[in-house]
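J.: Pasting a predicted model and its sequence here:
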Amino acid sequence: MGVKCLCDQGLEKMKGSDTVTINALMIKRKAIELGADLVGIADLTRVEGLPTVPQGLLETYTHAVVIAVAISPDIFEQIVNEPTPLYLHHYLAANILLDDINLRLQREIIGNGFRALAIPASQVVDKVNWMGHISHKAMAKAAGLGWQGKSLLLVTPGYGPRVRLATLLTDAPFEPDPILTNRCGKCKNCQEACPASAIKGGSWEDHPQTREEALHFSRCVEKVNEDFAKRPEIGKPICGVCIKVCPWGKPKGK
Ligand code: B12
Ligand code: SF4
Ligand code: SF4
């Protein structure tokens, strides 16, 4: 222990008698080395008022590191209007990779004397209101990875919504990334393709106030849980159609 970085953004903290140092660039490099395709930093004042489970979860943290793992474009070539077993497998594998990267980043940050808490990629902790501990989409938007499109998904400039996400909460005061503005424009692809007619087609600069503003929420919940998740070859509440049709996710030139 005790390697001291002299770069401007270095954060120092005493851990026992050792001086340890970590900064945003170092944690981002580590995330990419470990397999993340995108990584960004959010200042949590950007998401004040965001509902969490339990309530007040964010209160003792100041920042979040948000990572994204891209799903192969070839998976979406196979999706027409329903999920496929191959998408199911990649969805599960991406969740494992995200949780693995997040736990390793968590260890790195704690080892440097700060607090860190990895939020699972895909755990539903309130099945009445369909909530995770926190919304990774809201955190990813706050970390500058993308915007929440008409589908309510996080759309990134490079991969569109073809990414899965995870968040790491911390009190390490990393330099936050700039926020991106909504680039959906007049596009309605997701609204037109949704097999449950669940996407209302609304638009917003930052985020809708409620999920209902963006979606006929129960239609999506019912489609993925009562139809797709009940198919023996799928078994999980997945779909993939609004992901597939987003122009931002299509390989460039297609
Ligand atoms: C529960 C859940 C579901 C439920 C409910 C979906 C939903 N929209 O909430 C069901 C089963 C229906 C579902 C479906 C799907 N899901 Co899902 N799901 C989750 C889970 C586990 C929790 C979501 C949650 O807590 N939402 C809470 C609400 C309140 O948040 P929200 O949806 O982001 O919307 C609000 C906020 O973002 C807000 N907002 C943004 N900033 C701020 C700031 C403030 C102050 C406030 C007040 C609000 C706010 O605006 C919205 C309205 O309030 C997350 C994983 C996670 N922990 O995030 C994955 C997750 C959202 N799902 C994902 C995906 C991909 C899907 C599906 C496409 C299915 C599939 N895998 O093929 C569909 C898409 C449905 C859709 N169009 O939204 C991905 C999204 C990836 C991406 N690129 O955006 C996630 C992030 C999983 C992951 N690890 O990547 N899902
Ligand atoms: S996940 Fe499927 S059902 Fe839900 S909004 Fe997207 S396309 Fe529609
Ligand atoms: S399909 Fe079009 S409207 Fe839907 S999220 Fe993507 S860009 Fe936005």
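T.: Perfect, I can see it now. Ligands and ions are numbered 1, 2, ... in the order given.

J.: Give me the neighbour count for the residue of the chain found nearest ligand 3.
T.: Relative to ligand 3, the nearest point of the chain is Gly149 (2.4 Å; C-beta to the nearest ligand atom). Heads up, the C-betas are built off the backbone N, CA and C, glycines and all. Number of residues near Gly149 (other C-beta atoms under 10 Å) recorded here: 24.

J.: Can stretch 76-95 be said to contact ligand 3?
T.: No. Stretch 76-95 lies out of reach of ligand 3 by C-beta under 6 Å from any ligand atom, never closer than 12.4 Å.

J.: residues from the chain in reach of ligand 3?
T.: 149-151, 155, 184, 187-190, 245-248.

J.: ranking those residues by neighbours, who comes first?
T.: Of the residues of the chain next to ligand 3, with other C-beta under 10 Å as the count, Val155 tops at 31 neighbours.

J.: what are the phi and psi angles of that residue?
T.: phi -110, psi 120 (degrees, to the nearest 10).

J.: ok, now Gln148?
T.: According to degrees, to the nearest 10, Gln148 has phi -90, psi 110.

J.: Would you agree Leu105 is in contact with Ala31?
T.: Yes. With contacts counted by C-beta atoms under 8 Å, Leu105 reaches Ala31, the gap being 6.0 Å.

J.: can you list residues touching both of these two?
T.: 65, 67 (C-beta atoms under 8 Å, 6 or more residues apart in numbering).

J.: on that earlier part again, for the residue of the chain closest to ligand 3, what are its contacts?
T.: Counting by C-beta under 8 Å, 6+ apart, Gly149 touches 155, 161, 182, 184, 190, 246, 248.

J.: and those residues, which of them are in strands?
T.: Per DSSP state E, strands hold the following members of the contacts of Gly149: Val155.

J.: if I look at the residue of the chain closest to ligand 3, how far off is ligand 1?
T.: When distance is defined by C-beta to the nearest ligand atom, to the nearest Å, Gly149 is 8 Å away from ligand 1.

J.: tell me the pLDDT at whichever residue of the stretch 51-200 of the chain sits closest to ligand 1?
T.: Closest residue of the stretch 51-200 of the chain to ligand 1, C-beta to the nearest ligand atom: Gly132 (2.5 Å). Per-residue pLDDT puts Gly132 at 98.
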